[in-house]
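>>> next one to model:
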Amino acid sequence: MQSLWNDADAARLGNDPLRLRVYTSQLLGREPSLVLHGGGNTSVKAEVADLFGDHEEILYIKGSGWDLATIEAGGFAPVKLALLRRMAELPTLDDTSMVRAQRAAMTDPAAPTPSVEAILHAIIPFRFVDHTHADAVVAVSNSEGGEHRIREAYGDRVLVVPYVMPGFVLARAVWERARDLDWKTLEGMVLLNHGIFSWGEDAKTSYERMITLVTKAEDYLKKRKAWTDLPLRVGDPPLSVADSVVLARLRREVSLVRGRPMIARLDSSPGARTFAAKPDLDQVATRGPLTPDHVIRTKPIPAILGEDPALATSDYALKYREYFTRHQKGETCLDAAPRWVLWPGRGSIALGATAKDAAIVGDIARHTMRAIGWAESLGGWRALPEKDLFEVEYWELEQAKLKGGGAPPPLSGKVALVTGAASGIGRAATEMLLAQGAAVAAVDISLSVERLFKGPAAVGIA
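Residues are numbered from 1 along each chain as shown. Sure, this is the predicted structure:
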């Protein structure tokens, strides 16, 4: 993995720690093999003068709901560092109390809610801290003998922490392990089945340590001939009329189970087709997601599409409800519709309430398929037990991320076809439909339509 750090760009930011934090956070966010769609978090510790001129140490940490690729200074929550460190000493702390205490410790009430990992960032004794869900690291961790392989790849350069629930439980586990630890001997920390941390006293050191540590995992995969590098892209779907009907039927069946219209997005790229052609697909693909964070987007496992879309959807819904029954402790069951479907011989199908949602699921699915391939070459894909996945899927703090968007647009989940879309009434109609939440196929004889409408919600066809 290549470092994107640019000395000239960094120099223009001066010595402002928050501006440098924004800069390296965006560098991390630009690499989807590190973080996807709001994943990961970063922080910086700084001394700040208050209204009275008194100085206090503040932790600026990524706010919940922000994406590292586009984060700005306003996306970081300023939290009193001393209070966060004291919170780590508490023997127990429930999620609601943790969130309330962190917000009460903020110096700007208008700032976003701090990441659930704020306490963990606070107890790491370095100015800059970076955390990602790097594909290569998690693939090694999620393979047979994963902890041994992580130690084999990194030696004593990293602290290795077995998986525990994110948030306070994780922070407390690290705090207990690190009380007698010499942090200066370490370059990072691997959370098994979850991700990796790096740190440093300056932005460049922390960022480039992350790149170096992830490269170590990539090199480990390459040395063991487990590395494949098929392009992660959406392939053009070479569908026959019969296949198009199957895809449409699947969309209908999933929409019925979900209780609202859904968008289906087919990925028939070489990587997706190769993965979907695995003879043991129903076993390999259903062992769990790349990281527990992804479960709120993709659900624990994908569905496998056979000859009958209705049967595949109903079977998935039945098994999902059984999974809920096995682990529920009074929660309300979410809808049982799949979000990711593997279609043997054709590829991968992502489903979402909007074109954007489906695109996010598709991105996660592509990275998951590649990582599973790596882990299988190391001896077998080993995701978290479903009990741990259930705890994250039904974790109130994760569910809050999905509920923060408000009511969906009126045409969310609908698909529209507009002809003559490059100009005049056709263009205006396309823009109106997009504004109302529809996914639009915009058709025109003019090539400009391809430039005007290109993205997850609209495709221009000349």
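>>> quick one: secondary structure of E176?
Assigned with DSSP: H, G, I helix; E, B strand; the rest coil, E176 falls in the helix class.
>>> could you list the low-pLDDT ranges of this protein?
The chain contains residues with pLDDT under 70 at 229-238, 398-406, 462.
>>> quick check: the gap between D94 and H327.
Distance, D94 to H327, using Cβ to Cβ, to the nearest Å: 19 Å. Placement of C-beta: from N, CA and C, glycine included.
>>> scratch that, R249 is what I was asking about
Per Cβ to Cβ, R249 is found 31 Å from H327.
>>> what's the local residue count around G437?
18 (other Cβ atoms under 10 Å).
>>> so what's the residue nearest to it when sequence neighbours are not counted up against?
The spatially closest residue to G437, leaving aside those adjacent along the chain, is P409, at 2.7 Å (Cβ to Cβ, 6 or more residues apart in numbering). P409 makes contact with T354, A435, Q436, G437, according to Cβ atoms under 8 Å, 6 or more residues apart in numbering.
>>> before we move on, what about S255?
If you count contacts by Cβ under 8 Å, 6+ apart, then S255 has P261, M262, A337, G413 around it.
>>> what of V415?
Going by Cβ under 8 Å, 6+ apart, V415 touches I263, A438, A439, V440, A441.
>>> what are the boundaries of the strands in the chain?
41-49, 55-62, 76-80, 128-132, 158-161, 188-191, 195-200, 263-267, 303-304, 340-343, 347-352, 415-419, 439-443, 458-461 (DSSP state E).
>>> now those strands as a markdown table including distance to P109?
Formatted as a markdown table, those follow (distance: least, Cβ to Cβ, whole Å):
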| stretch | distance to P109 |
| --- | --- |
| strand 41-49 | 15 |
| strand 55-62 | 14 |
| strand 76-80 | 10 |
| strand 128-132 | 24 |
| strand 158-161 | 33 |
| strand 188-191 | 31 |
| strand 195-200 | 28 |
| strand 263-267 | 37 |
| strand 303-304 | 44 |
| strand 340-343 | 39 |
| strand 347-352 | 33 |
| strand 415-419 | 42 |
| strand 439-443 | 38 |
| strand 458-461 | 38 |
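>>> would you mind finding the most buried of these?
With neighbours taken as mean count of other Cβ atoms under 10 Å, the strands of the chain reach their highest mean count in strand 128-132, at a mean of 28.
>>> which residues does that one contact?
For strand 128-132, contacts defined as Cβ under 8 Å, 6+ apart pick out 17, 20-21, 24-25, 28, 34-35, 39-45, 117, 121, 195-203, 205-207, 209-210, 214.
>>> show me which pair in the contacts of P409 is furthest apart.
Pairwise distances across those peak at 12.6 Å for T354 and A435 (criterion: Cβ to Cβ).
>>> which of the two has more neighbours?
Higher neighbour count among T354 and A435: T354, with 23 against 10, using other Cβ under 10 Å.
>>> residue contacts, that one?
The contact partners of T354, by Cβ under 8 Å, 6+ apart, come to I263, P408, P409, S412, G413, G437, A439, A457.
>>> now do 6 Å
With contacts defined as Cβ atoms under 6 Å, 6 or more residues apart in numbering, T354 is in contact with S412.
>>> backbone dihedrals for it, please?
phi -130, psi 170 (degrees, to the nearest 10).
>>> how close does it get to A438?
With distances taken as Cβ to Cβ, T354 is found 9 Å from A438.
>>> repeat for L93
Distance from L93 to A438, by Cβ to Cβ: 44 Å.
>>> more crowded one of the two?
A count of neighbours by other Cβ under 10 Å puts A438 above the other of L93 and A438, at 24 against 17.
>>> farthest residue from the center of the chain?
The outermost residue of the chain, judged against the average C-alpha position, is F52 (40.7 Å), by Cα atoms, centre = their mean.
>>> tell me how far it lies from I58.
In terms of Cβ to Cβ, F52 sits 15 Å off from I58.
>>> what of R100?
R100 sits 19 Å away from I58, taking Cβ to Cβ as the criterion.
>>> please apply the same query to M369.
Between M369 and I58 the computed distance is 41 Å (Cβ to Cβ).
>>> cool, and S25?
S25 sits 17 Å away from I58, taking Cβ to Cβ as the criterion.
>>> again with A429
50 Å.
>>> again, but for D388
D388 is 33 Å from I58, by Cβ to Cβ.
>>> burial measure for the closest residue to A173 other than its chain neighbours, as a count.
With sequence-adjacent residues excluded and distances taken as Cβ to Cβ, 6+ apart, A173 is closest to V164, at 5.0 Å. The number of residues packed near V164 is 17, by other Cβ under 10 Å.
>>> so V164 sits against A171, correct?
No - with contacts defined as Cβ atoms under 6 Å, V164 does not count as touching A171, sitting 9.6 Å away.
>>> for stretch 140-155, buried residues please.
For stretch 140-155, a neighbour-count test (16 or more other Cβ atoms under 10 Å) marks V140, S141, N142, S143, G146, E147, R149, I150, A153, Y154 as buried.
>>> to clarify, my last question referred to stretch 272-281.
Neighbour counts over stretch 272-281 (16+ other Cβ under 10 Å) mark A272, R273, F275, A276, K278 as buried.
>>> for G380, which non-adjacent residue is spatially closest?
Nearest one to G380, counting by Cβ to Cβ, 6+ apart, is E144 at 4.2 Å.
>>> show me what contacts that neighbour?
Shown in contact with E144 (Cβ under 6 Å, 6+ apart): G379, G380, R382.
>>> list only those of these flagged as buried.
R382.
>>> turn the contacts of E144 into CSV, including distance to D7.
Shown next, in CSV, are these (distance: Cβ to Cβ, whole Å):
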residue, distance to D7
G379, 42
G380, 43
R382, 41
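>>> which among the contacts of E144 gets closest to A178?
Of the contacts of E144, the one sitting nearest to A178 (Cβ to Cβ) turns out to be R382, at 26.4 Å.
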